[in-house]
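**Q** Give me a 3D structure for the following:
(2 chains)
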There are 2 protein chains.
Amino acid sequence: MTNTVSTHIQLASRPVGWPTTGDFATVKVELGPLGPGQVRVVNEFMSVDPYMRGRMSAAKSYTAPFAVGETMTGGAIGRVVESASDAIPVGAVVLHQFGWRDVVQEDAAGFKIVPELPGVPLSLYLGVLGMTGFTGYVGLTAIAGMKAGDTVFISGAAGAVGTAAGQIARLLGAGRVIGSAGSDEKVALLTEKYGYDAAFNYKSGPVRELLATAAPEGIDVFFDNVGGDHLEAALAAFNPGGRGALCGAISSYNATERKAGPDNMGNMITRGLTLKGFTLGSYLDLAPEFNEHMTKWFTDGDIAFDETVVDGVENAVDAFLGMMAGANTGKMVVRTAVNGVPIA
Amino acid sequence: MTNTVSTHIQLASRPVGWPTTGDFATVKVELGPLGPGQVRVVNEFMSVDPYMRGRMSAAKSYTAPFAVGETMTGGAIGRVVESASDAIPVGAVVLHQFGWRDVVQEDAAGFKIVPELPGVPLSLYLGVLGMTGFTGYVGLTAIAGMKAGDTVFISGAAGAVGTAAGQIARLLGAGRVIGSAGSDEKVALLTEKYGYDAAFNYKSGPVRELLATAAPEGIDVFFDNVGGDHLEAALAAFNPGGRGALCGAISSYNATERKAGPDNMGNMITRGLTLKGFTLGSYLDLAPEFNEHMTKWFTDGDIAFDETVVDGVENAVDAFLGMMAGANTGKMVVRTAVNGVPIA
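**A** Next up is the predicted model:
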C-alpha cells in the first residue's frame, strides 16, 4: 500500500473580494485501506478555473458552495495505483472531480476512464480536449448559434476557454474572429498563434472604442468570459440579430460591490439581440459531438494550445490566484505528480 | 370630391428628453384629385405608441427616424371614401401606416382591407386585435418560449401590450401571471378585470422587493415593456432557465443621459437565463397563427380590453404625451373621424 498520505487544499474562510492565501489551508490526510469498490488515484494534474471563485462564496448558485473547513473539489486527471473495483483497473487514466489534492481514494463510480491518445499530455484533458474546449464549443454552437461567415468577438480570448473558442469559431467557418486580452504579448499570440483576425489589449483604452475599431462592420456573435465593459461594448457593436453567449464574468468575480450593468440594454430591442447565459451542466448531451469534432481537429494538427503549469498541489492556491489575475496564457493547470509520484 | 383638406401632425423639431407640444406642428394639406390607382381614406382612428418616441430622435434604428418638417406616420384605420383602384372599393375598411393625419390619399398598395367583425369597434384593430395583441403573442411564444405552467411577469401590464399579453399568457396556460403598473387603480384592474394572479404598483417601493413578494417562487418568463429597474428585478427573480422577451423600455425613452443597466447580469450565467429583444418586423409570418387564436378568444368573450380615446387629430400630440406618461389604461387611440366626418 503506497500513497497513503494525501495533501489537501481546504477552504479556511470565505474570501471577501480578492481571495488571499490566508483563506486556504493545506492539510495532510491519512488514507485508510481501500473499501470495497474503491480506487486510489494519484492525480497528475488538477484544474483551476474562474468558476471556482463563485463556489468560495456562500451564495447558492448552480453548484453548491465549497464548505469552510473542507477540501475543495474540481476537475483533475490521474492514474489508478490501487483498485478494489472490477470496473477500473490499476494503471487506468481517469478524469474526475476530486481536485485540490494529490491522492484521492473514492468509489470507482466517481471516475471516468480516459482513452489516452498517444503522445498527448494528460493535462490537455482538463483543457482544450476537455471541459475547457467543450465550453467554447457549446457557447458558439448551442448558445450563440454561430453560422458560417459570422463575425465573432471573444473576450478574454487568451485564456483557456478563449484560446479554444477562437479556434473552434474559425474551424466552424466564422468569417472573422476578434479577441481581447489583457496584455500586448497575449494580443500578439492571438493573431500569430491562434488565428484571430484582429485582437486588442483591453487595458489600452475604452473597450467600446477598441472593439469598434477592430470590428468596423459590427459583430454577429459575442462569446463573453469577462462581462462588465466588454458586454457593454458588444451591445454597442452588435449587428441586428446578434447573439451573445455569456460564459463568464471574471471582471466581477472579486468585486465586493455589485457594479452597474451595460447602459445600452435598449439595443437588445432595436436590434433584436439575444443574450444567453450558460453553464455546461445542461449541455452534456453535446459531449459526443464535441469529442468527435475536437479529436479530428486535434489529430489533424489544427488546434494550438498553451498551458501555464504550476508544480505541486501546495502551490494550487497561487495558481488559482494567478489565473484570476490573468497571469496565465491558455489553460492554467497544477501538476500534482510526476511519473506517479506526488510533488508535494 | 369631398375631404380634400387633410390635417397633418408634423415633427417640427427633435425632442430633447420629454417631447413638448412645441416639437410638433399642425398643418392643413390640400389634396388634389386622385391619381391612377390611388384611394382616399378618412381615418377613423390612429395609434400612438411608445416606439414612436424613438423615431422622433435622429438615431438610426430598426425604423427610419421621422423627418423634421414632415408628417409623421403610424398605424391607423379608416374607410375608403373615393377610389381610383380596382383593388380597394369605396366603403372598404382599411388598415395602414398613414397615421398622424385625418384624411390620407395614397396608392392602394399601402392599404390592407380589414374583414370587419360585426359590432367590433374599428379601434380594436389597432389594439388587441392588431399589432398590440400581436406583440404580446409574439413576445410570449416566439421570443420567450412560454410553456404551460410557467410563472410570467409582465411589466407595464396595464398598458396596451401589457393588458393583451397578460390575457394571452393565461389563455396559453401560464401557471401564474404577475403584473406591474404605475397606479393602485391600474393594479386593481389587472387582478379584477384582466385575470392577473398578482400585481403591484411599481411606484410604491423598490421593484426588486415588490416582485420578490409577488413571486415568492420566482418567475420563468418576463415580458418587459419598461426596462431599467424592472429588468434588474426580473434578473433577480428568474428561476433557472428563465427567459425574458424585451419588448419596450419606456422608462428610458425620454432620458437625456444613458442610465446604467442591471447590476446583476451575472445571474444570466449562473441561472442559464436568456434575454431576447424583438420588434415585430421579423415575426410577421406568425400573424396568421395569431389571428386564428385571437379571433377565437375574442369571439368566445375571453378577451377584456380598455381603450383611452382622445378625440381629434389635433389632439394627437396630447394623446401621445399622455400615453408616454402613463395616462392611459389599455390602448391609447386618437379618434379622428365620427361617421366618416373628420373631427378636426
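
**Q** okay, and for chain A, where does confidence drop off?
**A** Where chain A drops to pLDDT under 70, the residues are A:1, A:344.

**Q** near chain B, which residues of it show up?
**A** Proximity of chain A to chain B, by Cβ under 8 Å from any Cβ of the partner chain, involves residues A:54, A:61-62, A:227, A:231-232, A:240-241, A:246-249, A:252, A:258-279, A:282. Glycine gets a C-beta too; all of them are placed from N, C-alpha and C.

**Q** Could you pick out the buried ones from those residues?
**A** Neighbour-count burial (16 or more other Cβ atoms under 10 Å in any protein chain shown) applied to those gives A:54, A:61-62, A:227, A:231-232, A:240, A:246-249, A:252, A:261-279.

**Q** so of those residues, which ones are in strands?
**A** Judged by DSSP state E, strands contain the following of those: A:240, A:246, A:274-277.

**Q** Present the residues you listed as JSON lines; the columns should include distance to A:Ser13.
**A** Output for those, formatted as JSON lines (distance: Cβ to Cβ, whole Å):
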{"residue": "A:Pro240", "distance to A:Ser13": "48"}
{"residue": "A:Leu246", "distance to A:Ser13": "29"}
{"residue": "A:Thr274", "distance to A:Ser13": "40"}
{"residue": "A:Leu275", "distance to A:Ser13": "34"}
{"residue": "A:Lys276", "distance to A:Ser13": "35"}
{"residue": "A:Gly277", "distance to A:Ser13": "29"}
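
**Q** what's near enough to touch A:Val341?
**A** Residues near A:Val341 by Cβ atoms under 8 Å, 6 or more residues apart in numbering or on different chains: A:Val42.

**Q** Show me what it bridges to in the sheet.
**A** A:Val338 (DSSP bridges).

**Q** got the domain boundaries for chain A?
**A** For chain A, the structural domains run A:5-127+A:306-342, A:131-299, going by automatic domain parsing.

**Q** right, so of those domains, which gets closest to B:Asp220?
**A** domain A:131-299 (15.1 Å; Cβ to Cβ).

**Q** Show me how far that closest one is from its chain's centre.
**A** 14 Å (Cα atoms, centre = their mean, to the nearest Å).

**Q** now stretch A:335-344
**A** 22 Å.

**Q** do the same with stretch A:130-146
**A** Distance, centroid of stretch A:130-146 to centroid of chain: 12 Å (Cα atoms, centre = their mean).

**Q** Next, the buried residues of it.
**A** A:130-144, A:146.

**Q** I'd like to know how far A:Ala316 sits from B:Asp49.
**A** 58 Å (Cβ to Cβ, to the nearest Å).

**Q** contacting residues around the residue in the stretch 51-200 of chain A positioned nearest to chain B?
**A** When scored by Cβ to the nearest Cβ, the stretch 51-200 of chain A has A:Ser61 as its residue closest to chain B, at 4.5 Å. Counting by Cβ under 8 Å, 6+ apart, A:Ser61 touches A:54-55, B:270.

**Q** change it to 10 Å
**A** Contacts for A:Ser61 (Cβ atoms under 10 Å, 6 or more residues apart in numbering or on different chains) come out as A:51, A:54-55, A:279, B:240, B:266-267, B:269-271.

**Q** swap in A:Val333?
**A** Counted by Cβ under 10 Å, 6+ apart, A:Val333 has contacts A:44-48, A:75-77, A:121-124, A:126-127, A:132, A:160, A:307-310, A:316, A:319, A:323.

**Q** Try it again at 7 Å.
**A** A:45, A:47, A:123, A:126, A:307, A:309 (Cβ atoms under 7 Å, 6 or more residues apart in numbering or on different chains).

**Q** A strand includes it, no?
**A** Yes. Counting by DSSP: H, G, I helix; E, B strand; the rest coil, A:Val333 falls inside a strand.

**Q** So what sits opposite it in the bridge?
**A** According to DSSP bridges, beta-bridge pairing links A:Val333 with A:Ser47, A:Val309.

**Q** how close does it sit to chain B?
**A** 23 Å (Cβ to the nearest Cβ, to the nearest Å).

**Q** backbone phi and psi for A:Asp107, please?
**A** Taking degrees, to the nearest 10, you get phi -60, psi 140 for the backbone angles of A:Asp107.

**Q** May I ask you to confirm that A:Thr26 is in contact with A:Glu314?
**A** Yes. A:Thr26 is within contact range of A:Glu314, at 5.3 Å (criterion: Cβ atoms under 7 Å).
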